[in-house]
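[1] Generate a structure from the sequence data that follows.
(chains A and B)
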Amino acid sequence: MILRELPPGELRRRLAGSGLRLRIGPVVAEILSSFRTVETAVALHYAGHEVVPDSDFADFHVAVEPPPGVRRWVAPQAYFKFDDRSAFLPLPAAQAFPLLEWGLNWCVSVHCHQYLIVHAAVVERGGRALVLPAPPGSGKSTLCAALVARGWRLLSDELALVDLSGATLTPMPRPISLKNRSIDVIRTFWPEARIGAVVPDTLKGSVAHVRPPIDSVRRAQEPATPGWIVLPRFEAGAATELRPLSKCDAFMRLVDSAFNYNVHGRAGFAALAEVVDASVCHTFAYGGALDEAATVFDDLAKA
Amino acid sequence: MSASALVAGVLREPAQLRDSGMPWEALIRAAREADLLGTLAARAQACASLDCIPPAPRAHLVAAGHRYRAQQAAVRREIGEITRALQHLDVPVVLLKGAAYLLAELPPARGRFFSDIDILVPKARLPDVESALMLAGFATTHLHPYDQRYYRRWMHELPPMRHVKRSSLLDVHHTLVPETAQVALDAGALFRAAIPLAGMPGLFVLSPADMVLHSATHLFHNEELSHGLRDLVDIDALLDHFTHGHGEFWPALVQRAAELDLQRPLYYALRFAPRLLGTRVPGDVAASVARHAPPAVIGFLMDRLLAAALEPAYGRASTRWARRALYVRGHWLKMPLPLLAWHLGVKALRREEPSPA
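    You can find the predicted model right below:
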């Protein structure tokens, strides 16, 4: 059963009581939260995700909850808990849903060493993956949202899960996190996008999430093979430009962006080498002309 | 069945992993909380291939396998760096706990995760050792003057050191229990009995008896019980190994506990390891250490507190309360009462400053 098919009131009952077990790509997370903002956001963003029965294996048990004591009411806070233990410092309660999203990223990146995990957005067309590794602020998520708007399948906005044996990429479709000005940019570019509440004043500025397309979520068990590695760089007013990149440079960028390269040693080197070998590598500069940008990638996919 | 009994049972008999009724989620979750996923992965692999395990829990064991292999390789490299930093001092360096098990290739090392490296050096050489480690890039942590004084004046170790580039953590000990504890432990005896590591000049591990006693002391004297089950698994694996290798191991262990004034921790270790892990302890040894049992009321309380504290903390208020009680007990053993009152008072009144470490 998918989340939006739950009977009325059932989502709240599960989030506040027995736990909501959601299949999110290769993992199942059991989520608890008494925050209404979390309930609303989960209902929107995870509408197409599969709700699994309580008897199914859950990989992670997480909760976003208010603290005991006065901070429940006075300048209220939200804690992210993993196995009942607070995993980070609390944030203001208004940021409860972004906190859940960051917490889920954390769960995967510190535990799922069956993959080599790279900080990158991944989208797919024709079975081939476009990997966009980039540091924060490079316009990775904006570009990712624009490509998804143009029909690319979303694998992940944040975490590229590279299989160590065959260098395939495993999807984990979740909400795309937009920051600051890119929220309005995407509203204009993609009017049909389902964008959740804007949460101001986070560590990363204002944050809003875009619901992943239902089709991407439905195909979450379909891996993709490496096709392109593109290093995006946003610079206000810059001309749209796709330039070839040496495989060495692409490889080093993947290493720099990997969360657990140190865990995998030689096997990690080999897996990344395979991804780079199988990919056409470029850098991409853009200044906000998303139409032009999307066309460049459409052409790249046709070539 | 309690979660710790579930994990302990599977560690004892990994063949249970083929059972169709295995509660996988409870097992993986409890093993992860106890920091034993790597050990579980290694034991599962040794008994059969991981293929007989359903894919979802298997992924956790595969991930844990990658993690422990990487950590163990890193610990070996780090010990090489530490040895190089100290070799000109001509000081015996005794590896403790995980690092010792790993380099001496003892069974508890199989699949074990590491958070830091512990070494023991003679107290008289502590200043030289600390300077040499600083020159090699290790910097002290806990920069607050009170913390520095706490470690240097009262504890059995320097404040933890962290390498500025590699971020590896190193605890430099000069004995096994705090200086303020009511235990008459002669650290010199540890060095006299230490065993050199073949092919690694200057590096030693504790003698088998001392190794077990240190692990028992660490578990039953410590105020931190969150890794209690893992400590007990170490003790079980050590006892099992030494029983098979050395005929005179058990009498030597009992005698050594008397010499080092560590009979009480040994009593607890030999009470709890068989209970949870089925460790085989000869009857005469059990009878002999039972003389060092605490008074009946304390024994009754400790049985219940330890059993609760060894359970995972999620969803269980009793575990959290038991760990709090044992935390107080750990401090009580660590320091005489007036000093303890002073210490806790300072900690309570101090404004917590963000630690740069």
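[2] can you pull out the strands in the stretch 51-200 of chain B?
    Applying DSSP state E, counting those that start in this stretch to the stretch 51-200 of chain B gives strands spanning B:93-96, B:117-120, B:138-140, B:161-163, B:169-173, B:195-196.
[3] Can you tell me the SS state at the spatially closest residue to residue A:198 that is not a sequence neighbour?
    Closest residue to residue A:198 apart from its sequence neighbours, by C-beta to C-beta, 6 or more residues apart in numbering or on different chains: residue A:208 at 4.5 Å. For the C-beta atoms, the positions are set from N, CA and C on the backbone; glycine is no exception. Three-state assignment for residue A:208 (DSSP: H, G, I helix; E, B strand; the rest coil): strand.
[4] Return the per-residue confidence for residue B:298.
    For residue B:298, the pLDDT comes out at 82.
[5] Give me the buried stretch members for the helix or strand harbouring it, please.
    Under the criterion of DSSP states H and E, residue B:298 resides in helix B:296-309. Residues of helix B:296-309 classed as buried: B:302, B:305, B:306, B:307, B:308, B:309 (neighbour count, 16 or more other C-beta atoms under 10 Å in any protein chain shown).
[6] Is chain A within reach of it?
    No. Helix B:296-309 stays clear of chain A (C-beta under 8 Å from any C-beta of the partner chain), getting no nearer than 15.2 Å.
[7] check contacts around the residue in the stretch 201-303 of chain A that chain B sits nearest to.
    Using C-beta to the nearest C-beta, the closest approach of the stretch 201-303 of chain A to chain B is made by residue A:263 at 4.4 Å. Taking C-beta atoms under 8 Å, 6 or more residues apart in numbering or on different chains, we find residue A:263 in contact with A:113, B:66, B:67, B:70.
[8] Can you pull out the low-pLDDT segments for the stretch 201-303 of chain A?
    For the stretch 201-303 of chain A, no stretch is flagged by pLDDT under 70.
[9] Would you mind naming what in it lies close to chain B?
    Proximity of the stretch 201-303 of chain A to chain B, by C-beta under 8 Å from any C-beta, involves residues A:262, A:263, A:264, A:265.
[10] about what we covered before: among the contacts of residue A:263, which one is most surrounded by other residues?
    residue A:113 (24 neighbours; other C-beta atoms under 10 Å in any protein chain shown).
[11] Find me whatever residue is spatially closest to residue 245, sequence neighbours aside.
    No chain specified, so I'll use chain A. Nearest residue to residue A:245 in three dimensions, chain neighbours excluded: residue A:281, at 4.3 Å (C-beta to C-beta, 6+ apart).
[12] To clarify, I was referring to chain B.
    The spatially closest residue to residue B:245, leaving aside those adjacent along the chain, is residue B:208, at 7.9 Å (C-beta to C-beta, 6+ apart).
[13] who touches that neighbour in this structure?
    Contacts for residue B:208 (C-beta under 8 Å, 6+ apart) come out as B:238, B:242, B:245, B:246, B:249, B:252, B:253.
[14] Which ChimeraX command selects the buried ones in those?
    Buried residues among these (16+ other C-beta under 10 Å), as a ChimeraX selection:
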select /B:238,242,249,252,253
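[15] Confidence-wise, which of the contacts of residue B:208 comes last?
    When the contacts of residue B:208 are compared by pLDDT, residue B:246 scores lowest at 63.
[16] Show me what the strand or helix carrying residue A:231 is packed against.
    Assigned by DSSP H and E, residue A:231 belongs to strand A:225-234. On a contact count with 3 or more C-beta pairs under 8 Å, 6 or more residues apart in numbering or on different chains; DSSP states H and E, strand A:225-234 meets strand A:128-133, helix A:140-149, helix A:247-257, helix A:261-277, strand A:280-286, helix A:290-302.
[17] from the chain's centre, how far out does the last one sit?
    Going back to what we said before, that points to helix A:290-302. Its chain's C-alpha centre and that of helix A:290-302 lie 21 Å apart, by C-alpha atoms, centre = their mean, to the nearest Å.
[18] Can you list the helices and strands that it packs against?
    Packing partners of helix A:290-302 (3+ C-beta pairs under 8 Å, 6+ apart): strand A:128-133, helix A:140-149, helix A:181-189, strand A:225-234, strand A:280-286.
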